[in-house]
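*Asks:* coordinates for the following, if possible.
(2 chains)
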Amino acid sequence: MAQMIIDTANHIAGYAAKAARVKVVAAYPITPQTTVVEKIAEFVEEGKMDIEYIRVESEHSAMMACIGAAVTGVRTFTATSAHGLALMHEALHWASGSRLPIVMVVVNRAMGAPWSIMPDFSDSLSQRDTGWLQFYCADNQEVFDTIIQTYKLCENERVFLPAMVCLEGFILSHTYMPVKIPKQEEIDAFLPPYKSGWTLDLNDPISHANLVSPEWFMEFRYMIQEAMENAKQLIPKIDREYRERFGVEHGGLIEKYRCEDADLLLLTMGTMGSDAKIAVDNLRKEGLKVGSARVRVFRPFPTEEIGKLAERAQMLTSIDRHISFGMEGFLATEIKASVFNRKDKPLVAGYIAGLGGRDVTSGTLEKIAKKSLKWMRDGKVEKETTWVDLRE
Amino acid sequence: MMVTVKEFSKEEYLLKGHAACAGCGPAISLRLLFKALGNKIFLVVPACCTTVIQGPYPYTSFSVPLQNVLFESTAAAASGIVAALHQRNVKDITVVGWAGDGGTVDIGIQALSGAAERETDFIYICYDNEAYGNTGMQRSGATPYGAWTTTTPSGKRERKKDMPLIMAAHKIPYVATACPSYPIDFVSKLRKAKEIKGTKYIHILAPCPTGWRYDTGKTVELGRLAVQTGLWALYEIENGKFKLNPPSDRLIDKAKRKSVKEYFALQGRFRNLTEEDIDRIQKGVDEDWENYRAQTSCSASDATLHGKI
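*Replies:* Next comes the predicted model:
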């Protein structure tokens, strides 16, 4: 029997690392990630996790220690937030360039200055181009399931890339929810023992990651791009297999809600996707044909699925918990890029909301939807990017 | 533990065709490292001259497994390797961090300090050529007073950071200094370090003809002069006990040390030293040796005391 527990997303992340039978955890504390590493420390002290737990002196060292462990042939885990993730930046490139299937939980928090401990996606989205897969979760169950799923995905020989499993600080990290945890043997049957593309080997004494000339460098980069494309094929399959075994799935690349006949789609990431469903239900009661598409995987970006959604919908509105200063939210940019070459492309409008933990309710999303519907009927987007609930 | 040259392994794990400069002190040190430890090692190398020495993909001039890592991360990456080997119950592989002075005393000091405090079971070797050599000789924390570098064109105005003593302050079981000009001393220390559990730190002064501006045939001579003048002392600190090693143990008497001028005269990087600079450096060396003398007698009396008990 699966076990039903009620706990915070951070603790659930600890349960998932345990269930995935990770062997080395290297981590450094930062709010709001701390309770992830505390939960793991508790498991270790209680003898429930037989791991090497390296309490490193910085996040940069956390990622480099994970890299060291991964090249030595064991499954690794770490977790961080905001400035910790930014400090890791260089090492994130090193991990993906080395093709190591490391899984990291990112408890999303706004980047300073000024200091904030509240959530937005400015931390993980700033790492967009590091070659890491990026998943964004909407609830605690998804946090557990995604961690298990990403190990299977990242250790697939067609992928061999690291992944971030992102969850919003406090909204999920410190919020109790019921979560179904499958039996260990069922997880073991789904997730085989650690596999990587290569390890340090006395019998094969070669230099790893040494200098590469321009004659070879582009091929190494192309292989990462190919791996990302492969991951895009595998993610829905792994999600479906997970549902067949455990009865729960999260929509593969995009979780779609009432999209089939929708004129307008609200595109979100993370927990805003849950509020979007409520907003959609309320709007439907008023006879407005609105659907919700929660982008669960940001890298690889589900360009083709966005394209398919655009076949029916006349307007796509993205609500970003992020701003790329001098441009717009990344989600808006990616959506526009995904539909640009279509013949009958929909209108796309971008909204910036919820930065630094500013509350975004279903009511907020309903207002955004109604404004979008007006622009849709007028056939013109009045404003490319609108900041929601901004003080004048 | 002292070995003789006859006991050195005939095996060569630093292969012909490596890409070091002619007369490279670090390359000589690497060859000795492999002779001392054999090939059951995992070598962790950050950005440094050894990035170049090993040769470019798809080649390597080392016949040991080597993991290249980020500049500041040698000790952190080594921590991960040690942890994974422990989880896999592998006991016959020695993990060796091999980093330059910039990667150790400057950008890598945090990760190294962390690994030492965590009592990580590995050997960390700093090969010190007293500047950022791979990037073209810029000043580092290990550059000595008065030395020309490309970022101190008229000579550095601050003293060299005393990294071995910083590591000793971590109370790790083994700290040693060495120099490839004294291969038996270096190899003995590596073999001893291999048998000790915990963090072992060895700091080698590795002369660099390209950066120090001397004739490539004089690398061994330069290393000897550094020791004979007392500018570089060969010692080890084992479980807190300080001990000078030959020939440095015979140099406590100032009269037995050569003048630092002999060492400077061979190198272009010290061309601009004034008499005043030289006096100042000589004074610094003499102070260091007063410290060595104090530590030697302190350790000796400790030993006597322990003997009585």
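
*Asks:* so the closest residue to A:Pro29 other than its chain neighbours, which of the three states?
*Replies:* Spatial nearest neighbour of A:Pro29, chain neighbours left out: A:Val37 (5.8 Å); criterion: CB to CB, 6 or more residues apart in numbering or on different chains. In this view, the C-beta of every residue, glycine as well, is placed from N, C-alpha and C. Of the three states, A:Val37 takes helix according to DSSP: H, G, I helix; E, B strand; the rest coil.

*Asks:* got any ranges where the chain has weak pLDDT?
*Replies:* Picked chain A for this. Screening chain A residue by residue with the criterion pLDDT under 70, one finds the ranges A:1.

*Asks:* that was the other one, I meant chain B.
*Replies:* Within chain B, the stretches falling below the threshold (pLDDT under 70) are B:1-2, B:299-309.

*Asks:* report the central residue of it.
*Replies:* Residue closest to the mean C-alpha point of chain B, counted by CA atoms, centre = their mean, is B:Ile204 at 1.8 Å.

*Asks:* phi, psi of it?
*Replies:* Note on B:Ile204: its backbone torsions stand at phi -110, psi 130 [degrees, to the nearest 10].

*Asks:* from B:Thr177, how far off is it?
*Replies:* B:Ile204 sits 7 Å away from B:Thr177, taking CB to CB, to the nearest Å as the criterion.

*Asks:* over to A:Arg391?
*Replies:* 62 Å.

*Asks:* more crowded one of the two?
*Replies:* Neighbours around A:Arg391 and B:Thr177, counted as other CB atoms under 10 Å in any protein chain shown, are more numerous at B:Thr177. The numbers are 26 against 4.

*Asks:* which strands and helices sit next to the helix or strand in which that one is found?
*Replies:* Element membership for B:Thr177 (DSSP states H and E) is strand B:174-178. Other elements packing on strand B:174-178 under the criterion 3 or more CB pairs under 8 Å, 6 or more residues apart in numbering or on different chains; DSSP states H and E are helix B:163-168, helix B:183-195, strand B:199-205, strand B:235-238.

*Asks:* list the contacts of the last one.
*Replies:* Contacts of strand B:235-238 from elsewhere in the structure, counted by CB atoms under 8 Å, 6 or more residues apart in numbering or on different chains, are B:164, B:168, B:173-177, B:189, B:192, B:242-245, B:248, B:292.

*Asks:* pretty sure B:Glu11 is touching B:Asn39, no?
*Replies:* Yes - proximity of B:Glu11 to B:Asn39 meets the contact threshold set by CB atoms under 8 Å, at 7.3 Å.

*Asks:* neighbour-wise, which of the two wins?
*Replies:* Looking at B:Glu11 and B:Asn39 with other CB under 10 Å, you find the greater number of neighbours at B:Asn39, namely 15 against 10.

*Asks:* report the contact partners of the closest residue to the residue nearest to the centre of chain B other than its chain neighbours.
*Replies:* In space, not counting the residues next to it along the chain, B:Ile204 is nearest to B:Ala178; the distance is 4.5 Å by CB to CB, 6+ apart. Contacts for B:Ala178 were tallied using CB under 8 Å, 6+ apart; they are B:Asp185, B:Phe186, B:Lys189, B:Ile202, B:His203, B:Ile204, B:Leu205, B:Leu234.
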